[in-house]
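1. Starting from these lines, generate the structure:
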Amino acid sequence: MDEDSKIQLKHAAISAKNVVFSSIPVCGTILDEVLFGYRSRVKQERLNRFVEELEKYLRSMRSGDIDQEYLKSEEFGDIFESILRRVVNTASEEKVHRYKKILLNEIKHIYESDFKETFLDIAFRINDDQILILNHFREVKECESEGSTEQGAVDGRDEGAEASLKCKEDFLGFDEGKYFFYVQDLVSKSLLYDEIIALFGGETKPYTNLRITPFGEEFLRFVEGFPAQ
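-> Numbers count the residues shown, from 1 in each chain. Okay, the predicted model is just below:
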């Protein structure tokens, strides 16, 4: 059982005891204590755990790596508050780790963008497997940029498209249904796009020739802490 499950189980037990032994079973009072009180305690413990882990890491950093003035700024306060608001609303350890990474990257070098809130929302709504898929298509694009100029088009497909199809014959280790579910979701969020219409006029199965979008590349830079290029 993971730590978050233990916390929820403990508070669920406390809440159940309050219901069973409540001497005055007034509906509003019970709901307030059992539902809202319980959720508040769970969120508080998530928040405490996140902040404690963050503090430990900051103590291990060299003072020169931290912009103390930026930590006091309104801009940092805004993104810190935005991240905390999302952290307390998820039991997913992978998402908490993702947000910690984003925040630490922000401390090391400020990410200048009007899309921070948009990217924070996306980071909440996709999982690590989907980020792995995005990284795959970024690598495909990089390979395409290096090799496709000299090779040119082959049988109506450029070298990058051919590489993309070959690389995912095994669906990157996912079963076919899950793979297509993930990529369709990424397309719906504008992180990938389906090049099928442009290349093949709709004669090939959808979602078999995907590309990462500039929006998707920028999202990865935000998550990984690479400054915009």
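
2. Residue ranges of each domain in the protein, please.
-> 3-125, 128-224 (automatic domain parsing).

3. first vs last residue of the last one, how far apart are they?
-> To tie it back to what came earlier, the one meant is domain 128-224. Length of domain 128-224, first residue to last, CA to CA, to the nearest Å: 13 Å.

4. Could you count how many residues lie near the nearest residue to residue 225 once chain neighbours are set aside?
-> Nearest non-adjacent residue to residue 225, counting by CB to CB, 6 or more residues apart in numbering: residue 105, 2.9 Å away. Every C-beta, even on glycine, is put in place using the N, C-alpha and C of the backbone. Neighbour count for residue 105, taken as other CB atoms under 10 Å: 18.

5. Convert the C-alpha atoms of the helix or strand hosting residue 105 to PDB, please.
-> Here residue 105 is covered by helix 93-108, with elements defined by DSSP states H and E. Output of helix 93-108 as PDB, limited to C-alpha atoms (Å, rounded to 0.1, in the frame of the first residue of the first chain):
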ATOM      1  CA  GLU A  93       2.800  10.200  -7.200                       C
ATOM      2  CA  GLU A  94       3.900  10.600 -10.800                       C
ATOM      3  CA  LYS A  95       2.000  13.800 -11.200                       C
ATOM      4  CA  VAL A  96       3.300  15.200  -7.900                       C
ATOM      5  CA  HIS A  97       6.900  14.300  -9.000                       C
ATOM      6  CA  ARG A  98       6.200  16.100 -12.300                       C
ATOM      7  CA  TYR A  99       5.000  19.200 -10.600                       C
ATOM      8  CA  LYS A 100       8.000  19.200  -8.200                       C
ATOM      9  CA  LYS A 101      10.300  18.900 -11.300                       C
ATOM     10  CA  ILE A 102       8.500  21.800 -13.000                       C
ATOM     11  CA  LEU A 103       8.800  24.000  -9.800                       C
ATOM     12  CA  LEU A 104      12.500  23.200  -9.300                       C
ATOM     13  CA  ASN A 105      13.200  24.000 -13.000                       C
ATOM     14  CA  GLU A 106      11.400  27.300 -12.500                       C
ATOM     15  CA  ILE A 107      13.600  28.100  -9.600                       C
ATOM     16  CA  LYS A 108      16.800  27.400 -11.600                       C
END
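
6. next structured bit after it?
-> Beyond helix 93-108 on the C-terminal side, the first helix or strand identified by DSSP H and E is helix 116-125.

7. For that next one, buried residues please.
-> By 16 or more other CB atoms under 10 Å, the buried positions in helix 116-125 come out as 116, 119-120, 122-124.

8. Just the C-alpha atoms of it, please, in CSV.
-> Taking C-alpha atoms only, helix 116-125 is exported to CSV below (Å, rounded to 0.1, in the frame of the first residue of the first chain):
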residue,chain,number,x,y,z
LYS,A,116,2.2,28.4,-18.0
GLU,A,117,-1.3,27.8,-16.7
THR,A,118,-2.2,25.9,-19.9
PHE,A,119,0.8,23.6,-19.6
LEU,A,120,0.2,23.1,-15.8
ASP,A,121,-3.3,21.9,-16.7
ILE,A,122,-2.0,19.5,-19.4
ALA,A,123,0.6,18.2,-16.9
PHE,A,124,-2.4,17.3,-14.6
ARG,A,125,-4.4,15.6,-17.4
